[in-house]
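In: Fold the following for me, if possible:
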Amino acid sequence: MILKAVGDRGVLAELGNSIDEATNRRVMELNQKVLSSKAEGIIETVPAFSSLLVYYNPLITDYEQVSKYLLALQEAEEKEETNSGKLIEIPVCYGGIYGPDLSFVSKHTGLREDQVVHIHCGRDYRIYMLGFLPGFPYLGGMDPRINTPRLSTPRTVIPSGSVGIGGEQTGIYPMESPGGWRLIGRTPLRLFELQMGEDKLYKAGDSIRFVPIDQKEYDAISRTQEMR
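Out: Predicted coordinates:
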């Protein structure tokens with residue numbers, strides 16, 4: 001573990017320098033230990049691919065104390081059972097107006113569009129971290145057969161719920177925003193709302209499974225979301 005100061009109220013614990021499941025699980029384990037211990041002065045944690053950012057109240061504790069605390073957690077001999085996270089199914093309507101870049105991904109990879117969809121839905125994706133928008137899940141484990149480069153010029157507006165591929169990763173835009181990932185589909189689910197509070201659909205450490213749906217199913221689910 002490498003510890004670094006982040007301003008006057010943060011400690012960054014780096015547990016590796018690669019994007020892989022083993023490193024990310026270590027991050028989640030450390031995060032769970034910090035949250036469950038409820039140490040005095042700790043305000044918030046932000047898990048990422050291979051690091052954990054811990055915010056603290058400088059009026060209560062300091063960098064040295066928080067650093068010692070994190071090292072002690074890492075070196076503790078007793079292993080705590082860690083929640084492996086839940087699995088969330090995300091319905092997606094692929095192609096057409098919902099996935100305008102599916103044809104490009106097909107041509108780039110040499111696969112038929114239905115093969116791209118089948119591969120994309122063929123595995124569960126671990127949520128390594130949330131960013132660059134609130135609720136945007138960076139997902140690990142995409143099949144390299146459908147790796148596709150980002151757009152050379154990002155779109156200024158991407159509809160909320162759009163599912164995209166950016167290089168070796170896939171993710172979901174939880175709200176309307178600019179973006180440069182290749183859009184292959186869209187979910188009718190509302191993924192992020194400020195009033196969700198702690199009842200968010202997913203968090204870092206959970207897994208996502210994409211489930212293909214047709215236009216009729218998309219419309220039906222959309223109506224249920226509007227009634228919430």
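In: outside of the longest strand seen in the chain, which residues touch it?
Out: Longest strand in the chain, counting residues (DSSP state E): strand 87-94. For strand 87-94, contacts defined as C-beta atoms under 8 Å, 6 or more residues apart in numbering pick out 98-99, 102, 113, 117, 120-121, 124, 163, 172, 184-189, 201-202, 206-215, 217-218, 221. For the C-beta atoms, the positions are set from N, CA and C on the backbone; glycine is no exception.
In: Kindly report the same for stretch 215-228.
Out: Stretch 215-228 is contacted by residues 91, 93, 96, 98, 186, 188-190, 213 when judged by C-beta under 8 Å, 6+ apart.
In: Contacts only, for Asp101.
Out: Contact analysis of Asp101 by C-beta under 8 Å, 6+ apart lists 148, 151, 164-165, 182-184.
In: give me that answer again for 7 Å
Out: 182-184 (C-beta atoms under 7 Å, 6 or more residues apart in numbering).
In: Tell me which stretches of the protein form strands.
Out: If DSSP E is used as the criterion, the strands of the chain fall at 2-6, 10-14, 42-47, 51-56, 87-94, 125-130, 137-140, 155-158, 162-166, 169-172, 177-179, 182-186, 207-212.
In: Which neighbouring elements make contact with the fourth one?
Out: Contacts of strand 51-56 with other secondary structure elements, assessed using 3 or more C-beta pairs under 7 Å, 6 or more residues apart in numbering; DSSP states H and E, are made with strand 10-14, helix 21-37, strand 42-47, helix 63-75.
In: just the ones you listed: most buried one?
Out: Mean neighbour count (mean count of other C-beta atoms under 10 Å) peaks for strand 10-14 among the helices and strands packed on strand 51-56, with a mean of 20.
In: between that strand and strand 42-47, how many degrees?
Out: Calculated by axes from the mean of the first three to the mean of the last three C-alpha atoms, to 10 degrees, strand 10-14 forms an angle of 30 degrees with strand 42-47.
In: Alpha carbons of strand 10-14, as PDB, please.
Out: Output in PDB follows, covering the C-alpha atoms of strand 10-14 (Å, rounded to 0.1, in the frame of the first residue of the first chain):
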ATOM      1  CA  GLY A  10      -7.600  13.300   2.300                       C
ATOM      2  CA  VAL A  11      -5.400  10.200   2.200                       C
ATOM      3  CA  LEU A  12      -5.100   8.200  -1.000                       C
ATOM      4  CA  ALA A  13      -4.300   4.500  -0.400                       C
ATOM      5  CA  GLU A  14      -2.900   3.000  -3.700                       C
END
